[in-house]
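**Student:** Any chance you could fold what I've pasted below:
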Amino acid sequence: MRVRIVIGILVVVWLAIGVAAAAQRGYFSGLPASCASAGTIALTIGAGPLNYTGLNPRIACDIPQPSP
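**Tutor:** Model (predicted):
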């Protein structure tokens, strides 16, 4: 039971650091313009403290355009 609490606290701290990193990069200044923007925000939050080691996660996704 005690291990679960410690793991839970570590996960919350990890994600809080990721949110701080995303905020410092200005990712929350507006709505994501594309799936790539939303993915980059999610990846930055998930990477957490790794962002401060120089990791700069980016996602590129191609959405098919409708045919004319």
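
**Student:** going forward, measure contacts between C-alpha atoms and count neighbours the same way
**Tutor:** Noted.

**Student:** got the contact list for the helix or strand bottoming out on mean pLDDT in the chain?
**Tutor:** Across the helices and strands of the chain, mean confidence by mean pLDDT, DSSP states H and E is lowest for helix 35-47: a mean of 84. The contact list for helix 35-47, computed with C-alpha atoms under 8 Å, 6 or more residues apart in numbering, reads 14-19, 21-22, 27, 32, 51, 56-61.

**Student:** pLDDT weak spots in the chain?
**Tutor:** Judged by pLDDT under 70, the chain has its weakly predicted residues at 63, 68.

**Student:** ok and the longest helix seen in it relative to helix 35-47, angle-wise?
**Tutor:** Longest helix in the chain by number of residues (criterion: DSSP state H): helix 2-24. Calculated by axes from the mean of the first three to the mean of the last three C-alpha atoms, to 10 degrees, helix 2-24 forms an angle of 140 degrees with helix 35-47.

**Student:** other SSEs contacting helix 2-24?
**Tutor:** helix 35-47 (3 or more C-alpha pairs under 8 Å, 6 or more residues apart in numbering; DSSP states H and E).

**Student:** re the thing from before, give the ChimeraX command for selecting the buried subset of the contacts of helix 35-47.
**Tutor:** Buried residues within those, by 16 or more other C-alpha atoms under 10 Å, are selected in ChimeraX with:
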select :14,15,16,17,18,19,21,22,27,51,57
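
**Student:** Perfect, I'm done here.
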